[in-house]
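Visitor: no letters, just coordinates:
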């Protein structure tokens, strides 16, 4: 039986998808899943993704290092922001941290009914594609979007992953076709395209241009974060 691949462009739409038995790839390019991939590549032991600031504060009270972001900015009172460079910190090696973001951690929490939840980014694109190509399961790419709305950068990642899997997986409906065609139209101008996205412009206004460029680097790392219980760990 042919495997299928589909795209959910927003967490607000995920309830329309049957997640049972499927591998969900959660993506939030700017910047949550790029941070997670960078962190594990740099030696972070685990990341506990939570949807709310209240949950994150509870973990902080238990002694965890916590990262909290809302609207692109670090939340006062928490140790880390939402920059991949912050996650590539020698002091975080071997540590488990708790993280909450505007969109990415919410998408993870809404994906827990899946057979498996893994974390995707341009930074680990090819290793994710290779893993999925070797699995018998159907795939859903769950884009974190922006506050329930579709965004450019996550949709482009979906298209990039689909391009790598289109020979092994059947495109399930119009959504993966749209993502694929969009990516193929602009893949040679990926950075300037994403720099014109709404979220990149939001980040630029608060001086986070280097993060945007870094998050669009393809195949920088070969790690795959996978959800184990309530904690992301590095896949063996």
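Guide: Right, received. Where do you want to start? Since we're looking at a predicted model, the values are computed, not measured. Numbering: from 1, shown residues only.
Visitor: so where's this protein uncertain?
Guide: 1 (pLDDT under 70).
Visitor: that one: helices as residue ranges?
Guide: Along the chain, the stretches classed as helices by DSSP state H are 32-41, 53-61, 84-87, 104-109, 125-133, 152-165, 174-186, 190-195, 198-205, 209-215.
Visitor: so which of the ones you listed comes closest to residue 21?
Guide: Closest to residue 21 of those is helix 125-133 (CB to CB; 14.1 Å). For every residue, glycine as well, the C-beta is placed using N, CA and C.
Visitor: can you mark which positions in that closest one are buried?
Guide: For helix 125-133, the neighbour count (16 or more other CB atoms under 10 Å) marks 125, 127, 128, 129, 131, 132 as buried.
Visitor: which ones are touching the spatially most central residue of the chain?
Guide: The residue lying closest to the centre of the chain (CA atoms, centre = their mean) is residue 27, at 2.6 Å. Listed by CB atoms under 8 Å, 6 or more residues apart in numbering, the contact partners of residue 27 are 33, 107, 119, 120, 121, 141, 142, 143, 144, 154, 157, 158.
Visitor: which ones are touching the first one?
Guide: When you say that, I think you mean residue 33. 26, 27, 104, 119, 120, 121, 144, 225.
Visitor: go on, the last one?
Guide: Taking CB under 8 Å, 6+ apart as the definition of contact, the neighbours of residue 158 are 7, 9, 27, 141, 143, 176, 179, 183.
Visitor: hmm, 10 Å instead?
Guide: Taking CB atoms under 10 Å, 6 or more residues apart in numbering, we find residue 158 in contact with 5-9, 25, 27, 120, 140-143, 175-176, 178-180, 182-183.
Visitor: follow-up on the earlier one: select, out of the helices of the chain, the one closest to residue 13.
Guide: That would be, of the helices of the chain and by CB to CB, helix 174-186, which comes in at 9.2 Å.
Visitor: buried residues in the closest one?
Guide: 175, 176, 178, 179, 180, 182, 183.
Visitor: would you mind getting the angle between it and helix 152-165?
Guide: Interaxial angle, helix 174-186 versus helix 152-165 (axes from the mean of the first three to the mean of the last three CA atoms, to 10 degrees): 100 degrees.
Visitor: which other residues reach helix 174-186?
Guide: Here helix 174-186 makes contact (CB under 10 Å, 6+ apart) with 4-9, 13, 17, 139-141, 143, 152, 154-163, 165-166, 169-171, 190, 192-194.
Visitor: could you redo the last one with a cut-off of 6 Å?
Guide: Outside of helix 174-186, the residues within contact range by CB atoms under 6 Å, 6 or more residues apart in numbering are 5, 6, 7, 155, 156, 158, 159, 160, 162, 163, 171, 193.
Visitor: neighbours of the fifth one, how many?
Guide: Read that as residue 156. Neighbours of residue 156 under the rule other CB atoms under 10 Å: 25.
Visitor: try the last one
Guide: For residue 193, the neighbour count with other CB under 10 Å is 19.
Visitor: what's the closest non-adjacent residue to it?
Guide: Nearest residue to residue 193, sequence neighbours excluded (CB to CB, 6 or more residues apart in numbering): residue 186, at 4.5 Å.
Visitor: same check on the third one?
Guide: Among residues not flanking residue 7 along the chain, residue 175 sits closest, at 4.2 Å (CB to CB, 6+ apart).
Visitor: measure the one you found to residue 162 for me?
Guide: Residue 175 sits at a distance of 10 Å from residue 162 (criterion: CB to CB, to the nearest Å).
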